[in-house]
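Undergrad: the amino acid sequence is not available; the structure is as follows:
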């Protein structure tokens, strides 16, 4: 809690006040920044207690600005277990954003499509998740200032936000599917046997992030929503080699649609 308070006070001194909405931009997703009236860009390395993003395509900035006259805090890059960070480090920024006042959290990520109906470039709203990561951000001492010891995860993704997102996608003519996201450690992609296993246990897509952030958000009673961009098709019967550059390119092509969707929903909040 001391580290959280120090970081919060540092950001308050930087002029970050009355934040309303938090946004986490995943792998290859950055166009939303073009629609933000930016007030402050603060490198993670300057924020006390913040981890430093080590992944080359995660820029590593906390951006404060406005979208449709609403104050937003945007994580331009996130943290992953495969970088060697603890679960508590991974969710540190989410907790900071909540302490700075956000009351909704929008998350995005790049994911592999296990459901054979999902194709490269599809947007998929995360309807539920399966946590296959080692560890939990709520392990250890519980801080009652943040939330209760045993948060309920029956609906980790806010029902009202999901309905609003689906309605807005229809209105904009943007295809938006629904699916279950499985979080794995990474950084390697999965074997054919692992893809078969993930499908058997009910996963529609797989990635290496998001779930710890959602657990922390639910713990703090922070309504959240997440959208995955399908960047590769994980059919074990027809598996093709994937490289990270291709994943970035596919995410980039879908980025405009995802940014438009988030912005239009934020306008109506």
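TA: Ah, there it is. Here the structure is a predicted model, which means the values were calculated and not measured. Residues are numbered from 1 along each chain as shown.
Undergrad: for the rest of this, base every contact and every neighbour count on C-alpha atoms.
TA: Fine.
Undergrad: now stretch 61-77: average pLDDT?
TA: Taken as a whole, stretch 61-77 has a mean pLDDT of 94.
Undergrad: okay, how far is it across that stretch, tip to tip?
TA: Taking Cα to Cα, to the nearest Å, stretch 61-77 runs 7 Å from one end to the other.
Undergrad: contacts for it, please.
TA: By Cα atoms under 8 Å, 6 or more residues apart in numbering, the list of residues contacting stretch 61-77 from outside reads 16, 18-27, 30, 35-44, 53, 57-60, 97, 102, 263, 266-267.
Undergrad: give me that answer again for 7 Å
TA: For stretch 61-77, contacts defined as Cα atoms under 7 Å, 6 or more residues apart in numbering pick out 16, 19-26, 35-44, 53, 58-60, 267.
Undergrad: what does stretch 35-52 give?
TA: Here stretch 35-52 makes contact (Cα under 7 Å, 6+ apart) with 3, 6-7, 60-67, 89, 92.
Undergrad: for the closest residue in space to residue 72 that isn't next to it in sequence, give its distance to residue 149.
TA: With sequence-adjacent residues excluded and distances taken as Cα to Cα, 6 or more residues apart in numbering, residue 72 is closest to residue 21, at 4.8 Å. Counting by Cα to Cα, the gap from residue 21 to residue 149 is 25 Å.
Undergrad: about what we covered before: just flag the most distant two among the contacts of stretch 35-52.
TA: 3 and 67 (29.0 Å; Cα to Cα).
Undergrad: quick one, which of the two is more surrounded?
TA: It is residue 67, of residue 3 and residue 67, that has more neighbours when counted by other Cα atoms under 10 Å, with 18 against 13.
Undergrad: pLDDT averaged over the longest helix that the chain contains - what is it?
TA: As assigned by DSSP state H, the longest helix anywhere in the chain is helix 244-268. Mean pLDDT, computed over helix 244-268, is 90.
Undergrad: mind listing what's buried in that helix?
TA: Using 16 or more other Cα atoms under 10 Å as the test for burial, helix 244-268 gives 247-248, 250-255, 257-266.
Undergrad: kindly report the same for stretch 125-137.
TA: Neighbour count says stretch 125-137 has 125-131, 133, 137 buried, by 16+ other Cα under 10 Å.
Undergrad: same check on stretch 29-45?
TA: Buried, per 16+ other Cα under 10 Å, within stretch 29-45: 29-33, 36-38, 43-44.
Undergrad: could you do stretch 191-210 as well?
TA: Those would be 195-196, 198-199, 202-210, for stretch 191-210 by 16+ other Cα under 10 Å.
Undergrad: re earlier: how much space between the residue nearest to residue 72 and residue 99?
TA: Noted for residue 21: a distance of 12 Å to residue 99, by Cα to Cα.
Undergrad: quick one, phi/psi of residue 21?
TA: The phi/psi pair for residue 21 (degrees, to the nearest 10) reads phi -130, psi 130.
Undergrad: from here on, call the first residue 44.
TA: Okay, using 44 as the starting number, the last item reads as residue 64.
Undergrad: let me know how buried it is, in neighbour terms.
TA: So residue 64, with other Cα under 10 Å, has 23 neighbours.
Undergrad: distance of it relative to residue 233?
TA: Taken as Cα to Cα, the span from residue 64 to residue 233 is 34 Å.
Undergrad: where in the chain is the helix or strand with the lowest mean pLDDT?
TA: helix 287-311 (a mean of 90; mean pLDDT, DSSP states H and E).
Undergrad: need the helices for the stretch 144-293 of the chain, in chain order.
TA: 202-215, 235-243, 254-262, 287-311 (DSSP state H, counting those that start in this stretch).
Undergrad: got CSV for those, with distance to residue 158 too?
TA: As requested, these are exported to CSV (distance: least, Cα to Cα, whole Å):
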stretch, distance to residue 158
helix 202-215, 19
helix 235-243, 7
helix 254-262, 19
helix 287-311, 17
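Undergrad: so which of these is nearest residue 54?
TA: When the helices of the stretch 144-293 of the chain are compared by Cα to Cα, helix 254-262 sits nearest residue 54, at 19.7 Å.
Undergrad: go through that closest one and flag the buried ones.
TA: The neighbour-count check on helix 254-262 (16+ other Cα under 10 Å) flags 254-262 as buried.
Undergrad: looking at these, which is nearest residue 286?
TA: Nearest to residue 286 among the buried residues of helix 254-262, with distances taken as Cα to Cα, is residue 254, at 23.4 Å.
Undergrad: okay then, goodbye and thanks.
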